[in-house]
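Chemist: fold the stuff below for me.
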Amino acid sequence: RDGAAFDLTQLSLSNAALQATAEGRFETGASRLDLRTTLPNLGAIRPGLGGRIVYFDSDVRNRSGSALALGGDVRVNLPEADRIQFGAYLWFSPEVLTFGSATRYRELGAYVGYEVLRDASVYLGLRQVNANFKRTSDANIDSGLHLGLRIRF
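Modeler: The predicted structure follows:
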């Protein structure tokens, strides 16, 4: 096979729920479906491009919507310690691809991880998820550090 071929076999489904009880914070439930393609590997660098369907709903009036976010990610494994990985991602949805009372969606983040098994890793990440809305103020849906477990199969 040609080394420049795309691998369109990665489909991931994930659900997330975020909730804050402090007044004025964005309380939301969010679900997403990702479809991404892995670009040709560049040694230890693994880039990917794709789309993300996101739905978010808040208890605050006029703060719910959905988005078809476009973006990608990159993961780098250290050659001398290939179980250690660094990664970053960016997903963005302009107004034309954002629905409901939302007018824009953005998610960006970075992480460092360790592959416990070849198909499972634990990671510590930093992310920021924002949305803009038509009749209310913009919202910071989530930001800060998070700890996670990623399983690939």
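Chemist: quick one, longest strand in this structure?
Modeler: Taking DSSP state E as the criterion, the chain has its longest strand at strand 102-117.
Chemist: name every strand pairing with it and say which way it goes.
Modeler: The strands that strand 102-117 pairs with in its sheet are strand 81-93 (antiparallel), strand 120-133 (antiparallel) (by DSSP bridges).
Chemist: quick one: mean pLDDT for the shortest one?
Modeler: Per-residue pLDDT values over strand 81-93 give a mean of 92.
Chemist: residues in contact with it?
Modeler: 44, 52, 54, 67-78, 104-115, 121, 123 (Cβ atoms under 8 Å, 6 or more residues apart in numbering). C-beta coordinates here come from the backbone N, C-alpha and C atoms, glycine included.
Chemist: what's the first helix or strand after that strand?
Modeler: Scanning forward in sequence from strand 81-93 by DSSP states H and E, the next helix or strand is strand 98-100.
Chemist: tell me which strands that following strand pairs with, and in which orientation.
Modeler: Here strand 98-100 has these sheet partners by DSSP bridges: strand 65-78 (antiparallel).
Chemist: return the set of buried residues in the strand it pairs with.
Modeler: Neighbour-count burial for strand 65-78, with 16 or more other Cβ atoms under 10 Å as criterion, is recorded at 65-69, 71-77.
Chemist: mind putting the strands paired with strand 102-117 in JSON lines, distance to A139 and mean neighbour count included?
Modeler: Formatted as JSON lines, these follow (distance: least, Cβ to Cβ, whole Å; neighbours: other Cβ atoms under 10 Å):
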{"stretch": "strand 81-93", "distance to A139": "14", "mean neighbour count": "17"}
{"stretch": "strand 120-133", "distance to A139": "5", "mean neighbour count": "17"}
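Chemist: tell me which helix or strand of the protein sits lowest on mean pLDDT?
Modeler: Here the helix or strand of the chain ranked lowest by mean pLDDT, DSSP states H and E is strand 7-18, holding a mean of 52.
Chemist: can you report how many residues lie near L42?
Modeler: If you count neighbours by other Cβ atoms under 10 Å, L42 ends up with 10.
Chemist: where does it land on pLDDT?
Modeler: Looking at L42, its pLDDT stands at 71.
Chemist: quickly list what the residue lying closest to Y55 once chain neighbours are set aside is bridged to.
Modeler: Of all residues not flanking Y55 in the chain, S66 sits nearest, at 4.5 Å (Cβ to Cβ, 6 or more residues apart in numbering). Beta-bridge partners for S66, by DSSP bridges, are Y55, F99.
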